[in-house]
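Q: Got a predicted structure here, sequence first:
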Amino acid sequence: MLQSSRYLKLPFSFDLSRLRAELQQLETSDWIRHFNTNAYVNDWSCLPLRAVDGRIDHIMPVNEGNFQDTALLQGCPYMLEVVDFFQCDKTSVRLMALQSGGIIKEHRDDGTSLEDGITRLHIPITTTPDVLFRIDGEEVHFSAGDTWYLNAACLHGVVNPSSQARVHLMLDCVSNAWLEQVFLDAGWVARPKPKYDDPAIHDGNVQEVIMMLRATGQSAGMQIANRLEAIRLGLALPH
């Protein structure tokens, strides 16, 4: 059985010299330490290039709002060209820097996968081969200048034992048909959809859930219960 794609290298590479030149001009900007200080060791900071209302002080992980390019991105024509290359809407776009000796502890970012509607892409600008992601127990190096997908809903972390900062350009893209075709061409395997639509419902508890819904006596609960019962029995779904 094929395993769903936890990460994927896409067939797009970008000019590292141009990316690094623009990164250098941003080094004196006001980088913001990641708000979850318990999630990392040493320094993990970011610079918003696209954010709610174009604010350069907004790094909260939201997927709704009036996202606009910040003044920082507008001053970096090649990074803007890279962002615009992807034929989809974007929410957050950030530069993410993990300093030398830094560790991002293993965690999950729910709702950040192609299937969930937000496709998180990484383009490493500065890195070394010993900078590794650990994704569901597998160690992977994301190579510089290339485009990498990370299903961030998987358990993942990063270590940077090198002597320099690791900096990625990170794009949160709104999943669409163009992205899905790119992924399929690159060998992406979709995550299987839950049998009962909700991953918390399974064959072991579905009858109990059905009973609870029917006990409410409410029309909406009865409709959901009837749908779950039809799926359980392999019948045609009620309209």
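A: Great, that's in hand. Residues are numbered from 1 along each chain as shown.

Q: in the lengthiest helix in the chain, what counts as buried?
A: The helix that spans the most residues within the chain, counting by DSSP state H, is helix 219-233. The neighbour-count check on helix 219-233 (16 or more other CB atoms under 10 Å) flags 224-229 as buried. For glycine as for every other residue, the C-beta is placed from the backbone atoms N, C-alpha and C.

Q: And stretch 98-113, end to end?
A: End-to-end distance for stretch 98-113, by CA to CA, to the nearest Å: 22 Å.

Q: Could you give the average pLDDT over that stretch?
A: Mean per-residue pLDDT for stretch 98-113: 92.

Q: Give me the helices and strands touching the helix-or-strand element of the chain with minimal mean pLDDT, please.
A: Least confident helix or strand, the chain: helix 219-233 with a mean of 86, by mean pLDDT, DSSP states H and E. Applying 3 or more CB pairs under 8 Å, 6 or more residues apart in numbering; DSSP states H and E, we find helix 219-233 packed against helix 206-215.

Q: The chain: helices as residue ranges?
A: Assigned by DSSP H, the chain shows helices spanning 16-26, 71-74, 77-85, 177-185, 206-215, 219-233.

Q: Please identify which of these is closest to residue 96.
A: Distance to residue 96, taken as CB to CB, is lowest for helix 16-26 among the helices of the chain, at 11.6 Å.

Q: which strands and helices sit next to that closest one?
A: helix 77-85, strand 118-126.

Q: from those, which stretch is densest packed?
A: Stretch with highest mean neighbour count among these: strand 118-126 (a mean of 22; mean count of other CB atoms under 10 Å).

Q: Could you give the separation of that one from the chain centroid?
A: Centre-to-centre, strand 118-126 and its host chain are 9 Å apart (CA atoms, centre = their mean, to the nearest Å).
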